[in-house]
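**Student:** Turn this into a structure:
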Amino acid sequence: MPTKPRLIIIACLAAVAVAAPQYSYDAPRAASSEERDFVPILKDDRVHEEDGTYNFDFEAANGISFSQAGSPDGDEDAVIKAGEYSYTAPDGSEIHVRFVADENGFQPQGAHLPVAPAFPHPIPQFVLDQIAFAAEEDRNRARSDNSDEVSAPSRLYGRPN
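**Tutor:** Here you go, the predicted structure:
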């Protein structure tokens with residue numbers, strides 16, 4: 001066989017070898033050498049109605065569950081959703097979240113979620129001092145701008161009620 005056809009065949013084989021995938025299509029491996037366990041799906045019920053309402057329930061053998069229902073009852077047919085999900089956190093605690101998602105946004109509820117402090121909370125003195133200082137600046141500026149007229153101070157810097 002002449003040299004030129006051999007060179008073409010070798011080049012084609014090299015191109016095929018380089019184009020072969022360099023990764024695996026298998027599921028990603030765990031960070032440790034331990035294999036990932038197969039988790040059976042115990043429940044996967046899904047219902048989609050023609051009017052846009054839906055609901056589904058999912059449960060896996062490892063304790064993960066998720067259920068949700070929704071309907072296009074919001075403004076401009078926005079979907080309003082309600083549901084719950086639960087799982088076991090890495091520290092072993094059970095996490096259970098109930099939620100509503102509507103025109104007011106996503107509103108989760110769960111014992112593990114942080115709670116905002118009660119309002120009204122005390123306003124620090126340095127904040128009150130800054131408000132007073134700004135009000136005084138407004139009064140001085142109003143006097144210098146309108147030496148004949150004395151305008152009322154800005155209501156932007158009032159003490160919160």
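**Student:** use CA for all of it now, contacts and neighbours both
**Tutor:** Noted.
**Student:** Secondary structure class of the nearest residue in space to residue 46 that is not next to it in sequence, three-state.
**Tutor:** Nearest-residue entry for residue 46: residue 56, 4.3 Å, with adjacent residues in sequence omitted and distances by CA to CA, 6 or more residues apart in numbering. Classification of residue 56 by DSSP: H, G, I helix; E, B strand; the rest coil places it in strand.
**Student:** Return the residues in contact with residue 56.
**Tutor:** 44-47, 67-69 (CA atoms under 8 Å, 6 or more residues apart in numbering).
**Student:** List the buried residues of the lengthiest helix in the chain.
**Tutor:** In the chain, with assignment by DSSP state H, the single longest helix is helix 125-145. Buried residues in helix 125-145, counted by 16 or more other CA atoms under 10 Å: 131, 134-135, 138-139, 142-143.
**Student:** That helix - what's its average pLDDT?
**Tutor:** Here helix 125-145 scores 89 as its mean pLDDT.
**Student:** ditto for stretch 94-111
**Tutor:** Stretch 94-111 comes out at a mean pLDDT of 92.
**Student:** Give me the contact list for it.
**Tutor:** Residues contacting stretch 94-111 (CA under 8 Å, 6+ apart): 74-75, 78-89, 112.
**Student:** can you check stretch 43-55 too?
**Tutor:** Under CA under 8 Å, 6+ apart, the answer for stretch 43-55 is 56-60, 67-72.
**Student:** Appreciated, that's everything.
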